[in-house]
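Participant: Attaching a predicted model along with its sequence, questions to come.
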Amino acid sequence: MQQHSATIHVHPAGLLLALVGNPNCGKTALFNRLTGSRQKVANYAGVTVERKEGRIKTASGKTLRLLDLPGTYSLYPRSPDERVTCDVLAGRAKGERKPDLVVCVLDATNLRRNLRLLMGIQRLGLPCVVALNMADLAARRGIHIDAEALSRSLGVPVIKTVATHGDGIAELTGVLEQRDHWRPLQISGLSAQGHADQSDQARVNSILGELGLAAQSSELPSDRVDRWVLHPVFGPALLAVLLFLLFQAVFSWAEPPKDLIEAGVSWLGQQAITLMPDNWLRSLLVDGVIAGAGGVLAFLPQILILFFFILVLEESGYLPRAAYLLDRMMGSVGLSGRSFIPLLSSFACAIPGVMATRSIANPRDRLVTIMIAPMMTCSARLPVYALLIGAFVPQRELRGGIELQGLVLFALYFAGIVGAMAVAWILKRFTNGSQTRPLMMELPAYHWPQPRNIAIGLWQRAEIFLRRVGGIILVLTVALWALSSFPGAPEGATGAPIQYSIAGWLGRGLAVIFEPIGFNWQISLALVPGLAAREVAISALGTVYALSAASGDAAQALGPLIAQSWSLPTAFSLLAWYVFAPQCLATLAAVKRETGGYRMPLIMAAYLFGLAYLASFITYRVSTWLLG
Ligand SMILES: Nc1nc2c(ncn2[C@@H]2O[C@H](COP(=O)(O)OP(=O)(O)OP(=O)(O)O)[C@@H](O)[C@H]2O)c(=O)[nH]1
Ligand SMILES: [Mg+2]
C-alpha cells in the first residue's frame, strides 16, 4: 500500500466556463439554453445553491464545459451558497480548477448593482464575457443600453440576451468559442483592496454616466402591484385566500382523473385474475404490483395540482413577497423571513428545502430551519392524507362552497406549520444569538409564468413520481409481498395465509408498540417499509389488505376497505402520526450532508418520532373519548 498518497484531481479536458452574476439575473435560464439542461429556474434570489455542470456544443463542433453557480452580490461571501461561487472563482473549490473564462450575467434592469460585481471579477484578473440579460424587460421599461458603448467602457464583449426566449444565445456561443475575445482586463491604477470598493463605485458611476443611465428610474409596474400585495391588511388576506384555494383545488380538481386512474388499475387487476391461474405469480402481480404500487398511481393528479400552484407562485415572483409579509410572524418564533422560502420549498419535498437553507447567512437560523423543515407537509404525504381523508371524511360542501375534505387537508398542513413554529420557538428559548435581524431580501419584478416552463416543471414532477412508483415503491412492496406470503399457511389453517407469514409475526410484534395509539398490526407493519419513503406505506397497506382478504375475492380499492375496518380514532391517529413522523430516510441523509455529521439527523429523528407518538396518542385518546 502506498504510504504517502496525495489527492490528485483529474480535471476533465476542455475549457472551463463559469456563469457568475447577482442572484435572480437569469444565470440558470441561460445555462439551460446554452447546455440544453433543465435546472430549476424560478423568480426569486437563491434558487441555485450548488455548482452544476453542463456542456456547450459550439457551431464548429467544439465542446466547452460550463458551470452554473449560485448568485452572489459580492466576492465576500455571506452565506454558504455565495461561498460556493467565490470558492470557484478563487480556484479554491474542491475538485475544480479555476475557470478559464467567466460569463458574467448582468441584469439589464439593474445595471448599477450588477456592474459592481463585474468590477470585482475583473479585479481577480479573470477573462470575462458579459451577457446583458433581461434585455426584454429593460426595453419594456424604457432603459436603452448601447451594448457596444458598454463593451468599449468595460473592455470586454457584451451580448444582449433574453434567456427565456433564447435571443442572443447563438451570438453568445459564437463569442465563447473564440479565444481571442478572452482578455483578462488590465485596469489602470488598481489600488489596494480597501480603496477598491470606492474606485469600483466611481467606475460604475462614470460608465452609467457615459451610457446616459445615471438617472434613477421612476416607479415600476411591480411597485404599483406591490402597493396591494404588500398592504398590511390586503396582503395577508390575499396570501390566506391563495393557500386556501390551493387545498380546495387539490381535492375538487383531482376527482375525475383520479377516478379514471383507479378504474384503470382495478380493471388491470380483474384482467389478471380472470386470465391467470391461481398461483403465486398471480398473487405477486395482483396483490403486490397492482394493489400495492398501482394503488399509489391514483394520487398523481393531486400531486400535479399541488405543483402547479407551487410553480406558478415560484415563477411569478410572489414568494419573496410572502416572505416579507410573514417576516414579523417568523420573527416572533426567532426566525426571519429568510427561512420562508426553504420552508415553502419543503412543501414539495424536504430535501430541496434543506438544501435551500444554504442561502441563510446566520448559522443558527439555518440549523433551526433545517430542523423544522421536515414538518412542512411534503408532497409524499399528500397520498397518505388523501387516502385517509377520502375514506373517512364525507364529501360535503359547507357554507360558502367550502369543501369539507379540502378543509381537513388544510388543517393537516396547518398542524405541521404550527408544530414547526412551536419547535422553533422552543429552540429560540434555549439557544442564543437570536436577536431579530432586519430582513434584507430582493423583491424581483413580477413575471407572467410561461406556460412552457410550467408544463416542463409538471412533466418533471410526473416523471419523478412515476419513477418512485416504479422504483422504490415497487421494490419495497414486492419485498413486503414476499415476507407476507412465506411461509405459507399450515395444513388446515382457517385464517388468511398472511397471518402465518414472517410479516404477520412482525406486524403483531410491532403492534404491541403501536397499540396505545390505536394502530392495528396491518398499519404497524406498513410503517416499516414506509420508513424509506412515505407513500410506500400506502402500497404496503394495499398489499397487506389484499393478502388478508379471503382468497378469490376481487381486489378491492384500499379506500373503502379501510373505511370498513378501521375506527375513526385510528384514522385520525394515523393522520397525526404522519404530520410529524420522519418517515423518510432520504431527508435524514440530506440533513447529514448539510450539517456534516450524524448528530443532527439523529436528534431530528428522535424528536420527530417522539412528537409523532405523542400527537397520535393524544389524538387517539381524545377522539375515542369524544366519539365513544
Ligand atoms: N423577462 C425575462 N425573464 C428572464 C430572463 N432570464 C431569466 N428570466 C426569469 O428570471 C427569473 C430568474 O431566473 P434564474 O435563471 O432562476 O436566475 P438565476 O440567476 O439562476 O438565480 P439564482 O440561482 O437564484 O441566483 C426566472 O423567473 C426566469 O424565468 C430574461 O431574459 N427575460
Ligand atoms: Mg440559478
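Facilitator: Everything's here; your move. These numbers come from a predicted model, not from an experiment. Residues are numbered from 1 along each chain as shown. Ligands and ions are numbered 1, 2, ... in the order given.
Participant: drop to CA atoms for contacts and neighbour counts, all remaining ones
Facilitator: Fine.
Participant: Relative to ligand 1, which residue of the stretch 351-500 of the chain is the closest?
Facilitator: His447 (6.5 Å; C-alpha to the nearest ligand atom).
Participant: Any idea how many residues pack against the residue in the stretch 51-200 of the chain positioned nearest to ligand 2?
Facilitator: Relative to ligand 2, the nearest point of the stretch 51-200 of the chain is Pro70 (5.8 Å; C-alpha to the ion). When counting by other C-alpha atoms under 10 Å, one arrives at 30 neighbours for Pro70.
Participant: now Tyr613
Facilitator: Count around Tyr613 with other C-alpha under 10 Å applied: 22.
Participant: rewinding a little: mind checking how far the residue of the stretch 51-200 of the chain closest to ligand 2 is from Ala422?
Facilitator: 32 Å (C-alpha to C-alpha, to the nearest Å).
Participant: Quick one: residues contacting the residue of the stretch 351-500 of the chain closest to ligand 1.
Facilitator: His447 makes contact with Asn43, Glu315, Ser316, Gly317, according to C-alpha atoms under 8 Å, 6 or more residues apart in numbering.
Participant: ok, which of those also contact ligand 2?
Facilitator: When contact is defined as C-alpha under 5 Å from the ion, those do not meet ligand 2 at all.
Participant: These in helices, which ones?
Facilitator: Members of the contacts of His447 lying in helices (criterion: DSSP state H): Glu315, Ser316.
Participant: check the contacts of His447 against ligand 1, which are close?
Facilitator: By C-alpha under 6 Å from any ligand atom, the members of these lying near ligand 1 are Asn43, Glu315.
Participant: if we take the contacts of His447, which one ends up nearest to ligand 2?
Facilitator: Set against ligand 2, the nearest of the contacts of His447 by C-alpha to the ion is Asn43 (9.5 Å).
Participant: distance from the centroid: which residue in this protein tops it?
Facilitator: For the chain, the largest distance from the centre (C-alpha atoms, centre = their mean) belongs to Gly492, which lies 52.8 Å off.
Participant: now that one, what's its secondary structure?
Facilitator: coil (DSSP: H, G, I helix; E, B strand; the rest coil).
Participant: where's the closest residue to ligand 1 within the stretch 301-450 of the chain relative to Trp267, distance?
Facilitator: When distances are taken as C-alpha to the nearest ligand atom, the stretch 301-450 of the chain reaches nearest to ligand 1 at Glu315, 4.9 Å away. Applying C-alpha to C-alpha, the value for Glu315 to Trp267 is 39 Å.
Participant: And these two? Which one has more around it.
Facilitator: Higher neighbour count among Glu315 and Trp267: Glu315, with 20 against 14, using other C-alpha under 10 Å.
Participant: what about the more buried one, distance to Pro301?
Facilitator: To Pro301, Glu315 is 21 Å away according to C-alpha to C-alpha.
Participant: One more: Ala589?
Facilitator: Ala589 sits 28 Å away from Pro301, taking C-alpha to C-alpha as the criterion.
Participant: who's more crowded, those two?
Facilitator: For Ala589 versus Pro301, neighbours defined as other C-alpha under 10 Å are more numerous around Pro301 (20 against 14).
Participant: ok, that one - contacts?
Facilitator: Ala254, Pro257, Lys258.
Participant: how about the biggest helix by length in the chain: buried residues?
Facilitator: The helix that spans the most residues within the chain, counting by DSSP H, is helix 599-627. Across helix 599-627, burial judged by 16 or more other C-alpha atoms under 10 Å covers 600-601, 604-605, 607-609, 611-617, 619-621, 623.
Participant: doesn't Met600 make contact with Ala589?
Facilitator: No. Ala589 lies out of contact with Met600 (C-alpha atoms under 8 Å); the separation is 10.3 Å.
Participant: What count of nearby residues applies to Gln302?
Facilitator: Neighbour tally, Gln302, other C-alpha under 10 Å: 24.
Participant: Ala532 versus that one, what's the distance?
Facilitator: 22 Å.
Participant: where does the residue of the stretch 351-500 of the chain closest to ligand 1 fall, phi/psi-wise?
Facilitator: Taking degrees, to the nearest 10, you get phi -120, psi 150 for the backbone angles of His447.
Participant: Tell me the confidence at it?
Facilitator: Listed pLDDT for His447 reads 89.
Participant: for the one 10 residues further on, same thing?
Facilitator: We note a pLDDT of 91 for Gly457 in this prediction.
Participant: so who does whichever residue of the stretch 151-300 of the chain sits closest to ligand 1 touch?
Facilitator: Proximity of the stretch 151-300 of the chain to ligand 1 (C-alpha to the nearest ligand atom) peaks at Val162, 3.2 Å away. Contact analysis of Val162 by C-alpha under 8 Å, 6+ apart lists Asn133, Met134, Ala135, Asp136, Gly168.
Participant: Apart from its chain neighbours, what residue comes closest to Lys98?
Facilitator: Leaving aside its chain neighbours, Lys98 sits nearest to Gly91 (4.1 Å; criterion: C-alpha to C-alpha, 6 or more residues apart in numbering).
Participant: Settle this for me: the one you found is touching Val84, isn't it.
Facilitator: No. With contact defined as C-alpha under 8 Å, Gly91 does not reach Val84; the gap is 10.7 Å.
Participant: number of nearby residues for the closest residue to Ala496 other than its chain neighbours?
Facilitator: Leaving aside its sequence neighbours, Ala496 sits nearest to Ser548 (C-alpha to C-alpha, 6+ apart; 5.5 Å). Counted with other C-alpha under 10 Å, the neighbours of Ser548 add up to 18.
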